[in-house]
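# Need the 3D shape of this:
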Amino acid sequence: MSDFNEIIKGEKPTLVDFFATWCGPCKMQSPILEQLKSKVGDKATIVKVDVDANQELAARYQVRSIPTLIVFKNGEPLWRASGLQQLEVLERKLEEHMTPPEA
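Next up is the predicted model:
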């Protein structure tokens, strides 16, 4: 995942889901992320990172359990949680870091 650093550098928040294909809670998280994407549209980016295929990246962000979700903005991690997260929690965390529209 060579473009990961470019993706998380953006002005809009990026939610990264560190997951594994064999992980039960990760499979349950997936449809929640789909719903979230349809709600936030292009105001935020949602990226899935397979920890088995990207072990170095998972190690860099000290992902010890999955799913682990991290919100980045301007390359900085601003929030993280491990375990299954509900839609409302994720939506609120992304909205906290969205740039308000110009008045």
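# Thought L33 was touching F19, still the case?
No: using C-beta atoms under 8 Å, F19 is not in contact with L33; the gap is 9.4 Å. (Glycine included, C-beta is placed from N, CA and C.)
# Please enumerate the shared neighbours of these two.
Common contacts of F19 and L33, defined by C-beta atoms under 8 Å, 6 or more residues apart in numbering, comprise K48.
# Check which helices and strands the strand or helix carrying L69 sits against.
Assigned by DSSP states H and E, L69 belongs to strand 68-73. Secondary-structure packing of strand 68-73 (3 or more C-beta pairs under 8 Å, 6 or more residues apart in numbering; DSSP states H and E): strand 14-19, strand 76-82, helix 87-96.
# gap between the first one and the chain center?
Remark: strand 14-19 is offset 3 Å from the chain centroid, using C-alpha atoms, centre = their mean, to the nearest Å.
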